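Chemist: prediction below, plus the sequence it came from.
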Amino acid sequence: MPAKPLTREGPHALPAAPPGLFVPRILLPAPSADLFRWSVIACDQHTANLSYWQETARIVGDSPSTLQLVLPEYYLEHPDDRSLSSRIDAINRTMDRYLAEGLLRELEPGCMLVDRQTPEHASRLGLVIAADLEHYDFTPGNRQLIRATEGTVMERIPPRAQIRRHAALELPHIQLLVDDPGRQVIEPLLRAVRRSGQSPVYETCLMQGGGSVRGWFFPAADPVLAQALQAMANLPGVVKNNLMLAVGDGNHSLATAKAHWEHVREQAGPEHPARYALVEIVNLHDDGLVFEPIHRILDGMTPDKFQALARDWFKGQDMSVISGPPPDTHDWPLAIPVLAPGQAFSLVFGRPRDRLAAALLQPFLDHLSAGFGVRVDYIHGRSEVERLAGQGQIGLLLPALDKADFFPTLARDGIYPRKTFSMGEAHEKRYYMECRRIR
């Protein structure tokens, strides 16, 4: 079937949706596409692992793929002989070509129920919908319906904004969390699919150990979708704290979408597609969602120097360095294992000023970066930390965040330190599938 003509979103496309959300026109790859090669992992993953992206490029080959529509952030952190502007120009040309050649098909206004399987979890449900950026803010202490969960590094927005500025499409790896312990929002959609026997509109395995994914389309007029969205608006946290959704993954991508919208809003008008950002909503209480820590990698310092500076920085907090991992027989308020070339040790604290490891460490790491030229990277997965430590770097292994404390802490304190948590291991991150027009 040929792709439908692409049309601009506008007020005629708005079904009943609660404030903060918009039911979009989703684009999917044409039926002829090889979905295994089309779908690649979020561009903010494997930021220190060039070989991952080289292998992804080898798998994709010349096939139509979202790899050609995104810029892996590895290249933001590790520039090579190809300029950033030339990479972005190539992305924009490819977007235009895919649209012109009918490689994308537009669906009627609606949402996508997504079921993701990974080697660790049999199912993780999500709802692909658009967030209204007029109801989102990333500044600490704001009271918007949709809020950032971690500190936003403003310097990271301009290069990402450069990518979005002339792009015809957006591809979401943003995941927003909803606090729905009663499972009233997303799970009823799956029950409806099972009752009706509806077939997924797409289903594929995912490359490089990503598991598999399938998706079912719910048109805007579907009463089950309307009930789900209304249930979200009526959740206790929304009523009590005016907090409906919190960013789980893609904090800087959503902040970039907001910055872009504020840049074009005056000329574009209130119904322009750039007002919205395509996202996947995931229930915080989904059994397939596990909070994983984001570890720290330090490059440019010896272990001995690191230990000496740590002892000096954390004076007054009863901090000591012990060899090996912290033993289970001692109940320190906070213990942080450290991996270094040929050795392992731990920072243990008797009187830490903050029980949240990321909050305690971040000022120290910023000090190492500013004062000693240490490069700090943020890594998902212990195995990747072990690999980099074996190559001469220092890895700090942080503990996982407790899900039960997530929304109450956010409502009370306003924001987490940047890179406090990750939703799952690296290979469990969102893989690109759906697109949406933003100009």
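Modeler: Yes, it's here.
Chemist: who are the neighbours in contact with the nearest residue to P29 once chain neighbours are set aside?
Modeler: Residue nearest to P29 in three dimensions, not counting chain neighbours: W38, with 5.0 Å by C-beta to C-beta, 6 or more residues apart in numbering. In short, each C-beta sits where N, CA and C put it, glycine included. Neighbour list for W38: P29, S63, P64, S65, T66, T204, Y432, M433 [criterion: C-beta atoms under 8 Å, 6 or more residues apart in numbering].
Chemist: buried subset of those residues?
Modeler: For the contacts of W38, a burial check counting by 16 or more other C-beta atoms under 10 Å picks out P29, P64, S65, T66, T204, Y432, M433.
Chemist: got phi/psi on the nearest residue to the second one once chain neighbours are set aside?
Modeler: Spatially, and ignoring its direct neighbours in sequence, P64 is nearest to L103 (5.2 Å; C-beta to C-beta, 6+ apart). Geometry field for L103 lists phi and psi as phi -80, psi 0, criterion degrees, to the nearest 10.
Chemist: and the gap between L103 and A233?
Modeler: According to C-beta to C-beta, to the nearest Å, L103 stands 36 Å off from A233.
Chemist: tell me the phi and psi of H427?
Modeler: Main-chain dihedrals, H427, degrees, to the nearest 10: phi -80, psi -10.
Chemist: skip the chain neighbours and tell me the closest residue to it.
Modeler: Distance criterion C-beta to C-beta, 6+ apart; nearest residue to H427, sequence neighbours excluded, is G209 at 4.8 Å.
Chemist: in this structure the one you found contacts K429, no?
Modeler: No: between G209 and K429 there is no contact under C-beta atoms under 8 Å: 11.5 Å.
Chemist: so those two - more neighbours on which side?
Modeler: K429 (23 against 12; other C-beta atoms under 10 Å).
Chemist: now do the same contact list for the more buried one.
Modeler: Neighbouring residues of K429 by C-beta under 8 Å, 6+ apart: I41, A42, Q45, H173, D249, H380, M423.
Chemist: just these: which are in strands?
Modeler: D249, H380, M423 (DSSP state E).
Chemist: next up, the contacts around the first one.
Modeler: So that's D249. Applying C-beta under 8 Å, 6+ apart, one finds that D249 lies in contact with A42, H173, I174, Q175, S422, M423, K429, R430.
Chemist: and the two most separated of these?
Modeler: I174 and S422 (13.9 Å; C-beta to C-beta).
Chemist: quick one: the strands in the stretch 1-150 of the chain?
Modeler: 21-22, 27-29, 104-106, 110-117, 124-132, 136-137, 146-147 (DSSP state E, counting those that start in this stretch).
Chemist: next SSE after the last one?
Modeler: To tie it back to what came earlier, the one meant is strand 146-147. helix 157-165 (DSSP states H and E).
Chemist: average model confidence for that following helix?
Modeler: On average, the pLDDT along helix 157-165 is 90.
Chemist: and that helix, how far from the chain's centre?
Modeler: 17 Å (C-alpha atoms, centre = their mean, to the nearest Å).
Chemist: F364 - how many residues pack around it?
Modeler: Count around F364 with other C-beta under 10 Å applied: 18.
Chemist: reformat the ones in strands among the contacts of K429 as TSV; add distance to V224.
Modeler: Output for the ones in strands among the contacts of K429, formatted as TSV (distance: C-beta to C-beta, whole Å):
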residue	distance to V224
D249	26
H380	34
M423	26
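Chemist: so how many other residues sit close to the closest residue to G395 other than its chain neighbours?
Modeler: Computed as C-beta to C-beta, 6+ apart, the closest residue to G395 that is not its neighbour in sequence is V385, at 3.8 Å. V385 sits with 23 neighbouring residues when counted by other C-beta under 10 Å.
Chemist: good, we can wrap up now.
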